[in-house]
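Undergrad: A predicted structure for the sequence below; I have some questions about it.
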Amino acid sequence: MSRPRFLSDGMLGKLTRWLRLFGFDAKYSRALSDEELINQALEEKRILLTRDLDLHRRAKRKGAETLLVEGRTEAEKLAEVAVRLSMDLKVEPAESRCPKCDAPLRQVEKEKVQGKVPSKTYEVYDEFWVCERCGQVYWRGAHWKNIERIVEKANNILRNRESSAQSQ
């Protein structure tokens, strides 16, 4: 079974970056009209993610797969998408896509990033990933704790939903 591919409307840019971190091909556009979003979702067989009920309904009527995302926090939005699509929420840099441009990341030897990252970062960290398209360099820096915290919150929401469903 192939992994789902996504197209997000202009209100879900952060969610799109999160999906890319989880390794999903996720496009995002603030420039496309509703009709263009629906057509692109249909043509590219992408799941349209939106917070716009009207867009969601029109996309559904035209045969596009769509999810109406109602969560307030990023953790709630992630949990909502994960539960509806039976996805695991675990960030593995080797499987992640570039949060900026959606291209695959590849792990590189530390020496390849010398001069491309701050010298202190180069001294402290040993694992680095580079975007195959834009060349952006990534590592498990101080921001990683925030990523793990939000993923843990999303997974807690999922566990709570599962235990609620089982007790009914």
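TA: Looks like it came in fine. Numbering: from 1, shown residues only.
Undergrad: contacting residues around the spatially most central residue of the chain?
TA: Residue closest to the mean C-alpha point of the chain, counted by Cα atoms, centre = their mean, is Leu19 at 1.1 Å. The neighbourhood of Leu19, defined by Cβ atoms under 8 Å, 6 or more residues apart in numbering, consists of Phe6, Ser8, Ala26, Val81. C-betas here are computed from N, CA, C, even on glycine.
Undergrad: confidence score at it?
TA: Looking at Leu19, its pLDDT is 96.
Undergrad: helix or strand for it, just tell me which one.
TA: helix 13-21 (DSSP states H and E).
Undergrad: what's the burial count for Tyr138?
TA: When neighbours are counted by other Cβ atoms under 10 Å, Tyr138 registers 22.
Undergrad: tell me what it is bridged to.
TA: Tyr138 forms beta bridges with Trp129, as assigned by DSSP bridges.
Undergrad: with Ile47 instead?
TA: So, taking DSSP bridges as the rule, Ile47 has Phe6 as bridge partners.
Undergrad: next one: it from Gln136, what distance?
TA: 25 Å (Cβ to Cβ, to the nearest Å).
Undergrad: count the residues that sit near the residue lying closest to Gly10 once chain neighbours are set aside.
TA: Take Gly10 and drop its neighbours on the chain: the residue closest to it by Cβ to Cβ, 6 or more residues apart in numbering is Arg30, 3.7 Å away. By other Cβ under 10 Å, the residues close to Arg30 number 9.
Undergrad: contacting residues for Lys100?
TA: Arg17, Cys131, Cys134, Gln136.
Undergrad: residue boundaries of the strands in this structure?
TA: Taking DSSP state E to define them, one finds strands in the chain at 6-8, 26-28, 47-50, 66-68, 105-108, 128-131, 137-138.
Undergrad: and the fourth one, which strands flank it?
TA: When you say that, I think you mean strand 66-68. Strand 66-68 has these strand partners (DSSP bridges): strand 47-50 (parallel).
Undergrad: average pLDDT for the strand it pairs with?
TA: Per-residue pLDDT over strand 47-50 has a mean of 98.
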